[in-house]
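Colleague: Sequence and predicted structure below; questions after.
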Protein chains: 2
Amino acid sequence: MPTKVAYLGPRGTYAEKAAYALVKLDKLSEATLLPCSGIRSVIENVATKHCEAAVVPIENSVEGGVTETLDALWGHPNLFIKSAVVIPIRHALIGSGSLEEISEVLSHPQALAQCSGWLNQNLPNCLQLPTSSTSEAVRMVQGSKFRAAIGSTKAALEINGLSKLAYPINDVQGNCTRFVLLQNNESNQEGDIASFAFSLHSNKPGSLLKALNCIASLGLNMSRIESRPSKRELGEYIFFIDIDLKDKLIDTNKKLKRLLEPLCENIVYFGSYKNEEFEID
Amino acid sequence: MPTKVAYLGPRGTYAEKAAYALVKLDKLSEATLLPCSGIRSVIENVATKHCEAAVVPIENSVEGGVTETLDALWGHPNLFIKSAVVIPIRHALIGSGSLEEISEVLSHPQALAQCSGWLNQNLPNCLQLPTSSTSEAVRMVQGSKFRAAIGSTKAALEINGLSKLAYPINDVQGNCTRFVLLQNNESNQEGDIASFAFSLHSNKPGSLLKALNCIASLGLNMSRIESRPSKRELGEYIFFIDIDLKDKLIDTNKKLKRLLEPLCENIVYFGSYKNEEFEID
């Protein structure tokens, strides 16, 4: 059966690389990729069943959780994570002039943030202009001597007249992003990671502690904890948790849900899934 | 003595309102405000003692922690929070055409995110263009019939020919941002909130739990917990904690530091300070 996969476009971004990697990993047959503008639109496509799957970034090693993805998962309890890949991010400064002539640097705000140390040191007087994606930035600097973009080296090679002015320019060399493949049904598969989020009944002292004690009581390690505002008032949070499931019994997951449910106002389970590291470039 | 206060410019943003409120709250004499471009530059100004104080956003009720501020506080252990204000954020759609003609909406990425539901419903086909501040967006739509900006109503009134096309358009009505005043020396004052951040010695099961148990053992309530990546690898975190100090003994703070230090690789204390709610518009 052909599978339509929505992803964060446009073409040529890291998200597209991740989508190809996840399609391969999940052995999706006859997959066609659909670039969408904005994470919200990617998620809507799979939530409304216009596409069978969606690929979105969920966490970056430098910038942290991708807030739009976390909020969308919380808001769509019918979506589940099927699998995950970790993609190394290596940014290049791309342009057609020389480094000395550059007075404006364009890129997605996250890419600008990930290179801010390099920019401060090497192009301290450059204006930084945000764009909606790294590949849009690359297209926008074509033909200009004084504008440069931050993007992937592949993007530079695909457009005539552009070349790498500096590479790599990200401040942290181990910079990587985890992307997840989302589907509309729970697969009940085994996996390396289980992910879920919860909000607590009360904001009393020790409420979060009780929940975390439940997790520890089963001998489980949290590999990630991230708090997001509930959006109702300052001080009310949703907690996003990843649990390391390696070498655990299959029913650990169910036990955990039973323990947590009485403490939580709401709990959304995102599934258990395999996580692969990916080497590209 | 005159006091130079750096803040996130340009003029006319919510950050400027916050800076005026904090100067008044802290009774800073002969204060002059210095607008800077980018949170990093605001922080550098106070860290290098070019300014005596700096005002930066630290947390929004919808978008969560302001990552650049949290990272800068962690990276500058000599900076302390002197006081905080909570400013209500109410966005307007600003332009000179009619709503039906608008095909592009410009604003800071956080403002676009805070209005994304309204935009999806009312202007679903509009291109969303990121700018470096809300007030820059307002300036950029001047004279255009098909472009609109998201910003504060005050910004609209200050520029000839612009008016409110819709107000308020933020998805969450209680949307507010906490701004803090930073200084270069600890004031050892009493306050409502104590803030600090720590990284743990190990990522073993239960490490975070031990630290949170220390806090609970003193009967203290965390009013906020936020995790940020350590930037070294996925799965290593720095935890940012706010503690509610109301009605607590003065030395609670010191006791807490003594309990936490053996568990932490690094601990940075941001100070205890007063927090005020502010009503503007």
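Modeller: Sure, I can see it. Treat the numbers as computed from the prediction; the structure is a model and nothing was measured.

Colleague: Can you classify the closest residue to residue A:63 other than its chain neighbours by secondary structure?
Modeller: Residue nearest to residue A:63 in three dimensions, not counting chain neighbours: residue A:110, with 5.4 Å by CB to CB, 6 or more residues apart in numbering or on different chains. Yep, even glycine has a C-beta here, placed from its N, CA and C like the rest. In terms of secondary structure, residue A:110 is helix; the call rests on DSSP: H, G, I helix; E, B strand; the rest coil.

Colleague: Residue A:110 contacts residue A:60, correct?
Modeller: Yes. Using CB atoms under 8 Å as the test, residue A:110 is close enough to residue A:60 to be in contact (6.9 Å).

Colleague: Please report the number of neighbouring residues for the closest residue to residue A:125 other than its chain neighbours.
Modeller: Nearest in space to residue A:125, with sequence neighbours left out and distances taken as CB to CB, 6+ apart, is residue A:103 at 7.4 Å. For residue A:103, the neighbour count with other CB atoms under 10 Å in any protein chain shown is 14.

Colleague: And the one 5 residues further on, by the same measure?
Modeller: Close neighbours of residue A:108, defined as other CB under 10 Å, add up to 23.

Colleague: Local confidence estimate at residue A:204?
Modeller: Reading off the confidence values, residue A:204 has pLDDT 66.

Colleague: Tell me what residue A:177 is bridged to.
Modeller: Residue A:177 has the following beta-bridge partners by DSSP bridges: residue A:60, residue A:87.

Colleague: do residue A:276 as well
Modeller: Under the criterion DSSP bridges, residue A:276 forms beta bridges with residue A:85.

Colleague: That one and chain B: what is the separation?
Modeller: 13 Å (CB to the nearest CB, to the nearest Å).

Colleague: ok, now which ones touch that residue?
Modeller: When contacts are counted by CB atoms under 8 Å, 6 or more residues apart in numbering or on different chains, residue A:276 is found next to A:21, A:25, A:83, A:84, A:85, A:86.

Colleague: what would those look like in TSV with pLDDT?
Modeller: Listed next are the contacts of residue A:276 as TSV, based on pLDDT from 0 to 100:
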residue	pLDDT
A:21	93
A:25	89
A:83	93
A:84	94
A:85	94
A:86	93
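
Colleague: which among these gets closest to chain B?
Modeller: For those, the closest approach to chain B (CB to the nearest CB) belongs to residue A:86, at 6.6 Å.

Colleague: does the closest one really touch residue A:274, like I thought?
Modeller: No. Contact between residue A:86 and residue A:274 fails when scored by CB under 8 Å: they sit 11.7 Å apart.

Colleague: Nearest to residue A:53 among the contacts of residue A:276?
Modeller: residue A:83 (9.9 Å; CB to CB).

Colleague: where's that closest one relative to residue B:51, distance?
Modeller: Taking CB to CB, to the nearest Å as the measure, residue A:83 falls 49 Å from residue B:51.

Colleague: Equivalent analysis for residue A:91, please.
Modeller: 31 Å.

Colleague: if I pick residue A:146, what's in contact with it?
Modeller: Taking CB under 8 Å, 6+ apart as the contact definition, residue A:146 lies against A:97, A:101, A:102, A:103, A:104.

Colleague: Tell me who's in contact with the closest residue to chain B within the stretch 51-200 of chain A.
Modeller: Of the residues in the stretch 51-200 of chain A, the one nearest chain B is residue A:130, at a distance of 4.1 Å by CB to the nearest CB. Residues near residue A:130 by CB under 8 Å, 6+ apart: A:106, A:107, A:108, A:109, A:112, B:109, B:130, B:131, B:132.

Colleague: Quick check: the fourth one touching residue B:112?
Modeller: This points to residue A:109. No. In this structure, residue A:109 sits apart from residue B:112 without contact. The criterion is CB under 8 Å, and the distance is 10.8 Å.

Colleague: so what pLDDT did the residue of the stretch 51-200 of chain A closest to chain B get?
Modeller: On pLDDT, residue A:130 comes in at 82.

Colleague: which residues touch residue A:155?
Modeller: Residues counted as contacts of residue A:155 (CB under 8 Å, 6+ apart) are A:12, A:94, A:134, A:135, A:138.

Colleague: Show me which pair in those is furthest apart.
Modeller: Across those, the two lying at the largest distance from each other (CB to CB) are A:12 and A:94, at 11.4 Å.

Colleague: tell me, what residue is most central in chain A?
Modeller: Centroid-nearest residue in chain A, with CA atoms, centre = their mean: residue A:57, separated by 1.8 Å.

Colleague: who's in contact with that residue?
Modeller: Applying CB under 8 Å, 6+ apart, one finds that residue A:57 lies in contact with A:8, A:14, A:15, A:18, A:39, A:66, A:69, A:177, A:178, A:179.

Colleague: need those residues in CSV with pLDDT, can you?
Modeller: Putting those into CSV (pLDDT from 0 to 100) gives the following:
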residue, pLDDT
A:8, 87
A:14, 85
A:15, 88
A:18, 93
A:39, 86
A:66, 87
A:69, 91
A:177, 91
A:178, 93
A:179, 95
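
Colleague: of these, closest to residue B:79?
Modeller: Distance to residue B:79 across those (CB to CB) is lowest for residue A:66, with 27.7 Å.
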